[in-house]
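Q: generate coordinates for the sequence data below:
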Amino acid sequence: MFKNLAATAVAACCISLAPSGAFSQTTSQTADAGKPLKIGFVYVAPLTEAGWVRQHEEGRKAVQAALGKRVQTTYVEDVAEGADAERVIRDLAAQGNSLIFTPSFGYMEPTLKVAQEFPGVKFESITGYKTAPNVAVANARYYEGRYLAGIAAGRMTQTHLAGYVAGFPIPEVLQGINAFTLGMRSVDPKAEVKVVWLNAWFDPTRERDAAMTLFNQNVDVVSFHTGSTAVMAAAQERGKLAIAYHSDMRSIAPDAQILAVTHRWGDYYTARAQAVLDGSWKSGAVWGGVKQGMIRVGDFGPKVPKAVQAEVLKAQQAIGTGKLHPFHAVQAVHDNEGHEVIAPGETLSDDKILGMNWLVAGVQGKISH
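A: I've put the predicted structure just below:
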């Protein structure tokens, strides 16, 4: 399903930090019937209170809670992509972990390499797209949550101008920017979105500076696709509004948060662990969204009227049932250079979404190279 993604892309969640490889472990007692299934997780950034890594940690804890003594879970945090990731993944396999989750696009190749060396170990490459007999891939349809967040932002903006702090211009990020803009314009046709590219996933200082710059340019609502909570903190400081990403961030921005687009990995991780336990695990590709429970919007802030909350939740239900698709065109959709990108009545195929390389009309900015 992911084979149309450029091989040089970096996952929109994935951030390369110094290879400290801090190690943490949670162990459940060995079941009376035998040894528990050992499961390893590799995290690309430090484990903090919110963000990409936090959501995968919540997924790990969900596996532990659901399967109890039948499993023993281990994680290694702050593992840089590349050679360090390969070393850590290999160590986890050598230590007897029979299932290993590697949630970072930059872990894809190291995972495949180690998987060849350990054919009896099952691997889950999260945000990757290359499979093998013992390597499955999975990702979430983040753009569905972005469209819903755009509806809320369109209702809440007073200036008709939102900001978007973005990491890298890979399809996953472009999908989010475009869906957010289309969501805004579905309720506020005058809305525009100003994009700032960082070409980094995790740089709290620059994330904050980008948000402040946007606020100085008449932006009153900001969204982001980066790894820290700095944009939320900036919005709180300036008395502006913001969309939380990956996690609920009301602890950082109690007044600024409009809603949170959250990633939910627990059900998928638990199902895959259960499949190993009962011998039914098979390689494959999953791209799940609202319908599968992998993407959710909610956690509304105090400034969001109940009517807006209800509108967003109704739209979320419609996406879940297939009645609403962020990239369905009632009328022709054009990019911000005037080219038609979705014909009237067309719904973009998964292949076209995965290969997205344009910015929709209403976006101020160009694709960074």
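Q: switch to C-alpha atoms for all contacts and neighbour counts from now on
A: Fine.
Q: show me where the stretch 251-369 of the chain has helices.
A: 266-278, 306-321, 350-354 (DSSP state H, counting those that start in this stretch).
Q: low-confidence ranges, the protein, go.
A: Along the chain, the parts satisfying pLDDT under 70 run over 1-33, 369.
Q: quick one, phi psi at the closest residue in space to M356 that isn't next to it in sequence?
A: Using Cα to Cα, 6 or more residues apart in numbering and skipping residues adjacent in sequence, the residue nearest M356 is P171, 5.0 Å away. P171 adopts backbone torsions of phi -50, psi -40, taken as degrees, to the nearest 10.
Q: residues in contact with P171?
A: Neighbour list for P171: L5, I353, L354, G355, M356, N357 [criterion: Cα atoms under 8 Å, 6 or more residues apart in numbering].
Q: list buried residues within those residues.
A: Those of the contacts of P171 that meet the buried threshold are L5, I353, L354, G355, M356, N357, by 16 or more other Cα atoms under 10 Å.
Q: distance of the fourth one from Y147?
A: Between G355 and Y147 the distance, using Cα to Cα, to the nearest Å, works out to 18 Å.
Q: turn the buried ones among the contacts of P171 into a markdown table, including distance to L182.
A: Listed next are those as a markdown table, based on distance: Cα to Cα, whole Å:
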| residue | distance to L182 |
| --- | --- |
| L5 | 22 |
| I353 | 14 |
| L354 | 17 |
| G355 | 18 |
| M356 | 15 |
| N357 | 16 |
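Q: what's the neighbour count on G40?
A: G40: 26 surrounding residues under other Cα atoms under 10 Å.
Q: oh sorry, the question was meant for W358
A: Using other Cα under 10 Å, W358 is surrounded by 20 other residues.
Q: grab the nearest non-local neighbour of it.
A: Counting by Cα to Cα, 6+ apart, the residue nearest W358 is D335, at 6.4 Å.
Q: likewise for A62?
A: Nearest in space to A62, with sequence neighbours left out and distances taken as Cα to Cα, 6+ apart, is G266 at 5.1 Å.
Q: surely the one you found touches A65?
A: No: here G266 lies out of contact with A65, judged by Cα atoms under 8 Å, at a distance of 9.8 Å.
Q: so those two - more neighbours on which side?
A: The neighbour comparison of G266 against A65 (other Cα under 10 Å) goes to G266, with 23 against 14.
Q: and that one, how far from T131?
A: G266 sits at a distance of 21 Å from T131 (criterion: Cα to Cα).
Q: pretty sure A136 sits in a strand.
A: Yes: membership of A136 in a strand is supported by DSSP: H, G, I helix; E, B strand; the rest coil.
Q: give the contact list for the closest residue to it other than its chain neighbours.
A: In this structure, A136 finds its nearest non-sequential neighbour in S283, 4.4 Å apart by Cα to Cα, 6+ apart. By Cα under 8 Å, 6+ apart, S283 lies in contact with T131, A132, P133, N134, V135, A136, V137.
Q: which among those residues count as buried?
A: The neighbour count (16+ other Cα under 10 Å) marks T131, A132, N134, V135, A136, V137 as buried among those.
Q: got phi/psi on the second one?
A: Spelled out, that is A132. phi -150, psi 170.
Q: that one contacts L112, doesn't it?
A: Yes: with contact defined as Cα under 8 Å, A132 and L112 form a contacting pair (7.4 Å).
Q: kindly report the domain assignment for the protein.
A: According to automatic domain parsing, the chain comprises the domains 22-140+264-288, 142-255+296-364.
Q: just the endpoints, please. Distance across the last one?
A: For domain 142-255+296-364, the first and last residues are 21 Å from each other (Cα to Cα).
Q: quick check: Y75 touching G40?
A: Yes: Y75 is within contact range of G40, at 5.6 Å (criterion: Cα under 8 Å).
Q: what residues are up against D220?
A: Contact analysis of D220 by Cα under 8 Å, 6+ apart lists T157, Q158, T159, L161, A162, G163, K240, L241.
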